[in-house]
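Novice: Structure for the following, please:
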Amino acid sequence: METFSASSVRAVDILADLISFDTTSSNSNLALIGYIESHLAKLGVESKRIWDDAEEKANLFAAIGPAGPHGVILSGHTDVVPVQGQQWTSDPFVMTARGDRLYGRGTADMKAFIACSLAALEFADLAALQRPVYLAFSYDEEIGCLGAPRLIEHIRSNIALPAVAVIGEPTSMGVVGSHKSVHIYNVGIVGIPAHSSAVHQGLSANTLGIRLMNILIQIADRLASPEHHNDDFTPPFSTLTIGLMQGGTAVNILAADASFAFDLRCLPEHDADEILAPFYDEVEKIRLSHPDAVIVIEPKAMVPSLARVSGGEAEALVRKIGGDNADMTTVSYGAEAGQFQRAGFSTILCGPGSMEQGHQPDEFIEVREIEKCMRFMARLFTEMSHPAAEALS
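Specialist: Residues are numbered from 1 along each chain as shown. Below you'll find the model as predicted:
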């Protein structure tokens, strides 16, 4: 195994602790939040919880250094995707080292960035800071970035602007300047049950659902056509997929209920409502022709895209610290970056690990990625120890 810095070793230790908390989005994240609060308190750093409605989950915000403008927000999410149905060779919630790889749910996406942020505080001269560093850790990112809006609202109301946001999603510490938007919908349909031999007496919710899903498939096919491509992305088009569907109780009964859920991921230049216009038109046609049917469309997540802003303050800061002069890249997954940008923050994605390993069985991160991130963190705190007049404007 390679020799790594003391700060990287410490980050690995913290990461092991973070992995031990099962923060699958269906669970509470409060035990992990408590761990981070305790860690910060030992360093004399105060933090604040921003709760969900049920007070079962919380975002966490902390400010380090003097109040003032030109601060930097280090943002990450605390939740992870489920492990059910995946074949792991080790316990996903016990971090396991094999060679230079660290295995566990959330190692890549994205508890390593949180661990590096916390470890960096132990090795930085916090008293020397002349501009603030903020920690912003959210809940329920994996199911639609549900916690971040409250966190961002708190940040905007409590810090001096301008400030830049670095979202630590796994980018192998490269500079990512754009991501797609995410729109998730549940569709519920109520028909009229009847025996399958008496179709004149009933209305199958399944049939109506299939009719609507067929429209969505046609939309997805049109989006994939070359005239709608943006080759900066992979795949180079907006995507629409149907992830869940169910309906009916027996083969010889017209289904009383049906439901499905679909996921639309738009290129930054595309508008979700315009894309879905044929779908909504078909819904209205069904309602007119079958007034006894009920169709309910429930938006579950609306995550804005991150639009590319070349030469922005966040990009300049990250490039100065990281020494990365490569072209800004893009990702097709959604993240909280678009929400920060929409709130007025210059925003970039930059974090350790690769999304190729995220969400997968035997998810892992290489220790060298943590080493790269810790070098970045050390340079960041050095940069923030200079007054704004000497920093990027």
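Novice: Return the set of buried residues in stretch 95-115.
Specialist: 95-96, 100-115 (16 or more other C-beta atoms under 10 Å). The C-beta positions use only the backbone N, C-alpha and C, and glycine is treated the same way.
Novice: Show only the entries of these found in strands.
Specialist: 96, 101, 102, 103 (DSSP state E).
Novice: Looking at the residues you listed, which is nearest residue 72?
Specialist: residue 102 (26.1 Å; C-beta to C-beta).
Novice: tell me how far the ends of stretch 158-174 are from each other?
Specialist: Distance across stretch 158-174, first residue to last, is 30 Å (C-alpha to C-alpha, to the nearest Å).
Novice: that older thread, could I get the ones in strands among the buried residues of stretch 95-115 in a markdown table, plus columns for pLDDT and distance to residue 341?
Specialist: Shown next, in a markdown table, are these (pLDDT from 0 to 100; distance: C-beta to C-beta, whole Å):
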| residue | pLDDT | distance to residue 341 |
| --- | --- | --- |
| 96 | 98 | 37 |
| 101 | 97 | 33 |
| 102 | 98 | 31 |
| 103 | 98 | 33 |
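Novice: just those residues now: which is nearest residue 75?
Specialist: Closest to residue 75, out of all of these and judged by C-beta to C-beta, is residue 102, at 21.9 Å.
Novice: is it true that the closest one touches residue 362?
Specialist: No. With contact defined as C-beta atoms under 8 Å, residue 102 does not count as touching residue 362 (11.0 Å).
Novice: Distance of the closest residue to residue 116 other than its chain neighbours relative to residue 20?
Specialist: Excluding the flanking residues, the one nearest residue 116 by C-beta to C-beta, 6 or more residues apart in numbering is residue 373, at 4.3 Å. Here the criterion is C-beta to C-beta, to the nearest Å. By it, residue 373 lies 20 Å from residue 20.
Novice: neighbour-wise, which of those two wins?
Specialist: residue 373 (29 against 15; other C-beta atoms under 10 Å).
Novice: Using the record's domain definitions, break this protein down for me.
Specialist: According to automatic domain parsing, the chain comprises the domains 6-179+305-390, 181-303.
Novice: so where do the helices sit in the stretch 251-393 of the chain?
Specialist: 272-275, 277-289, 313-322, 337-342, 367-383 (DSSP state H, counting those that start in this stretch).
Novice: For the first one, buried residues please.
Specialist: Spelled out, that is helix 272-275. Those would be 272, 275, for helix 272-275 by 16+ other C-beta under 10 Å.
Novice: helices and strands around it, which ones?
Specialist: Contacts defined by 3 or more C-beta pairs under 8 Å, 6 or more residues apart in numbering; DSSP states H and E place helix 272-275 against strand 257-266.
Novice: The strand it packs on: partners in the sheet, and parallel or antiparallel?
Specialist: strand 181-190 (antiparallel), strand 239-247 (antiparallel) (DSSP bridges).
Novice: average pLDDT for the shortest one?
Specialist: Predicted confidence along strand 239-247 averages 98 (mean pLDDT).
Novice: Report the inter-axis angle for that strand versus helix 277-289.
Specialist: Strand 239-247 and helix 277-289 meet at an angle of 30 degrees, taking axes from the mean of the first three to the mean of the last three C-alpha atoms, to 10 degrees as the criterion.
Novice: one step back: hey, which of the domains of the chain is tucked in deepest?
Specialist: domain 6-179+305-390 (a mean of 20; mean count of other C-beta atoms under 10 Å).
Novice: So what's the gap between that domain and the chain middle?
Specialist: Averaged C-alpha coordinates place domain 6-179+305-390 at 11 Å from its chain's average position (C-alpha atoms, centre = their mean, to the nearest Å).
Novice: Just confirm residue 321 contacts residue 381, I think it does.
Specialist: No. Here residue 321 lies out of contact with residue 381, judged by C-beta under 8 Å, at a distance of 9.7 Å.
Novice: Out of the helices of the stretch 251-393 of the chain, the one nearest residue 4 is which?
Specialist: Once the helices of the stretch 251-393 of the chain are compared by C-beta to C-beta, helix 367-383 is nearest, at 5.3 Å.
Novice: I'd like to know which elements that closest one is packed against.
Specialist: Counting by 3+ C-beta pairs under 8 Å, 6+ apart, helix 367-383 packs on helix 6-19, strand 101-103, helix 112-123, helix 313-322.
Novice: Quick one: those as JSON lines, columns for distance to residue 206 too.
Specialist: Output for the helices and strands packed on helix 367-383, formatted as JSON lines (distance: least, C-beta to C-beta, whole Å):
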{"stretch": "helix 6-19", "distance to residue 206": "42"}
{"stretch": "strand 101-103", "distance to residue 206": "42"}
{"stretch": "helix 112-123", "distance to residue 206": "44"}
{"stretch": "helix 313-322", "distance to residue 206": "48"}
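Novice: In terms of mean pLDDT, which of these ranks lowest?
Specialist: helix 313-322 (a mean of 92).
Novice: rewinding a little: just so I know, which of the strands paired with strand 257-266 lies nearest residue 309?
Specialist: strand 181-190 (15.8 Å).
Novice: ok now the next helix or strand after the closest one, how far from the chain's centre?
Specialist: Next in sequence after strand 181-190, counting helices and strands by DSSP states H and E, comes helix 205-223. Computed by C-alpha atoms, centre = their mean, the chain-centroid distance of helix 205-223 equals 27 Å.
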